[in-house]
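> Quick one, fold the following:
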Amino acid sequence: MRRIPGSNELTPAELDNLAADIRRWGRELGFQQVGISDIDLGEHPAHLARWLDAGHQAGMDWLAEPKRIDPAALKPGTRRIISVRMDYLPADPRIHAILADDRRAYIARYALGRDYHKIIRKRLQHFADRIEAAIGPFGYRAFVDSAPVMEKAVASQAGLGWMGKHTVILNREAGSWFFLGELFTDLPLPVDRPVSSHCGSCQACIDICPTRAIVAPYVLDAGKCISYLTIEYRGVIPLELRQPIGNRIFGCDDCQLVCPWNRYARPSEERDLLPRHAFDGPDLLSLWAWDEATWLEQSAGMALRRLNYPTWLRNLSIAMGNASANAQILQALQQRRQDLAEAGLLDDVLAEHLDWAITEQQRKLHAELSPR
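Prediction:
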């Protein structure tokens, strides 16, 4: 099959065989599924345009980058996109137990192990190397949530699943607990067909959302989404959204948790994705005691590093304010506020959330002591 310099010299039969090999190589490299699409993103660009026009992107204005809807502009010469998925759900996710314990911190399950960007990008490079070893040099570029790529649209077009009402890709055999990655390539491979939607009349994800961020089927208002608020956003979280955040300090999994299709989700076997136990349902006060050096050490190599330390403290403040009445929590909040203020490190955003959390704990403790 090897042809140099380019894939254009491969016959249709050779391209069919190559596509079959690509799917097999992907599984051997640890991807649970591989699909192939062309560069037509179907209805997804129009949906994105309507979503942007409605202002649902919150502060993420980079989502309007024109290359996002034009794969050939992002990587000139692109003719096909190889889309991959990798499962990440821990064998014992303990989601319900952690969310129910307001003195513990909940971190989205995808972020408990090593940063998936690094894992998948390395695998995609090995993937490209294996293809090149078979056919010779070809044009490609790997992406893992690292450029203006409509990765969910690509996955949908490549047959990996359909866009759920919560705007997460769903797969009939695997649910939604998986990462996505892409290889843009100039190979004129045969493409897979998109799959039809199987959400039906179900709206469990819409009903469960703590902040009502799913404002309509397939429409997410990012400005209300806990994942956006606790990860991307650096400002003051609106007062009315703080209590619904509960003890979620990094991301939110509620819409996936209730999805009926996730009964088919399979635990990940990737060792690098296994939870690092410092973050798997930790005690809020234990995390609060970390200084910045400890935070940096504990979160090294993890997706948690998308936060900075002040934002980490902001998120913890909300969780501690939402905890049931606890004199230790109140004392810890007050002491940290004093220490930061004396060191000149208390910015306005963190001060707002610390003061709110202190007030919430004082109110709850007072209510406990008041006669009934």
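> drop to CA atoms for contacts and neighbour counts, all remaining ones
Will do.
> Find the nearest non-adjacent residue to R266, please.
In this structure, R266 finds its nearest non-sequential neighbour in A174, 6.4 Å apart by Cα to Cα, 6 or more residues apart in numbering.
> and that neighbour, backbone torsions?
Phi and psi for A174, reported as degrees, to the nearest 10, are phi -140, psi 0.
> Is it correct that it is in contact with P267?
No: applying Cα atoms under 8 Å, one finds A174 not in contact with P267, separated by 9.7 Å.
> Neighbour count: the two, which is higher?
Ranked by neighbour count (other Cα atoms under 10 Å), A174 and P267 place A174 first, with 20 against 16.
> And E240, how far from V219?
E240 is 21 Å from V219, where distance means Cα to Cα, to the nearest Å.
> out of those two, which sits in the more crowded spot?
V219 (19 against 9).
> So what pairs up with that one in the strands?
With DSSP bridges as the criterion, V219 is bridged to A216.
> List the contacts of it.
Contacts for V219 (Cα atoms under 8 Å, 6 or more residues apart in numbering) come out as W51, K165, H166, T167.
> what's near enough to touch the third one?
By Cα under 8 Å, 6+ apart, the residues touching H166 are C205, I206, I214, P217, Y218, V219, L220, C255.
> Same check on A325?
So A325 contacts Q361, Q362, K364, L365, E368 (Cα under 8 Å, 6+ apart).
> before we move on, back to that, check contacts around the residue nearest to R266.
W261, N262, Y264, A265, R266.
> could you flag which of these are buried?
W261, N262, A265, R266 (16 or more other Cα atoms under 10 Å).
> With respect to pLDDT, which of those residues ranks lowest?
Lowest pLDDT among the buried ones among the contacts of A174: R266, with 93.
> Low-confidence bits of the protein, can you list those?
Residues of the chain meeting the criterion pLDDT under 70: 1-8, 371-372.
> longest helix of it?
Scanning the chain for the longest helix, with DSSP state H as the assignment, gives helix 348-369.
> Can you give me the buried ones in that helix?
350-351, 353-358, 360-362, 364-365.
> try stretch 108-121
Buried, per 16+ other Cα under 10 Å, within stretch 108-121: A108, R109, Y110, A111, L112, G113, R114, D115, Y116, H117, I120, R121.
> Go ahead and confirm the fourth one touches R305.
The reference is to A111. No: counting by Cα under 8 Å, A111 stays clear of R305, with 9.8 Å between them.
> Pick the one among the buried residues of stretch 108-121 closest to L180.
Nearest to L180 among the buried residues of stretch 108-121, counting by Cα to Cα, is I120 at 8.4 Å.
> element containing that closest one, please.
helix 116-135 (DSSP states H and E).
> center of the chain, which residue is that?
Y110 (6.6 Å; Cα atoms, centre = their mean).
> Next, the contact list for the closest residue in space to it that isn't next to it in sequence, please.
In space, and not counting its chain neighbours, Y110 is closest to Y88: 6.2 Å by Cα to Cα, 6+ apart. Contacts for Y88 (Cα under 8 Å, 6+ apart) come out as R109, Y110, W177, F178, F179, P267, S268, E270, L273.
> got the contact list for the helix or strand hosting S317?
Counting by DSSP H and E, the element that carries S317 is helix 309-322. Residues outside helix 309-322 that contact it (Cα under 8 Å, 6+ apart) are 102-103, 105, 230, 234, 242-243, 245-250, 284, 288, 292, 295, 329, 333, 349-350, 353-354, 356-361.
> do stretch 41-57 as well
Applying Cα under 8 Å, 6+ apart, the external contacts of stretch 41-57 come out as L63, A64, I69, A153, V154, Q157, V219, L220, D221, A222, G223.
> distance between the ends of it?
From its first residue to its last, stretch 41-57 covers 20 Å (Cα to Cα).
> Stretch 337-351 now?
Termini of stretch 337-351 sit 7 Å apart (Cα to Cα).
> Report the buried residues of that stretch.
Neighbour counts over stretch 337-351 (16+ other Cα under 10 Å) mark R337, L346, L350, A351 as buried.
> same check, this time on stretch 157-177
157-172, 174-177.
> and what of stretch 60-74?
So for stretch 60-74, counting by 16+ other Cα under 10 Å, buried means L63, K67, R68, I69, D70, P71, A72, L74.
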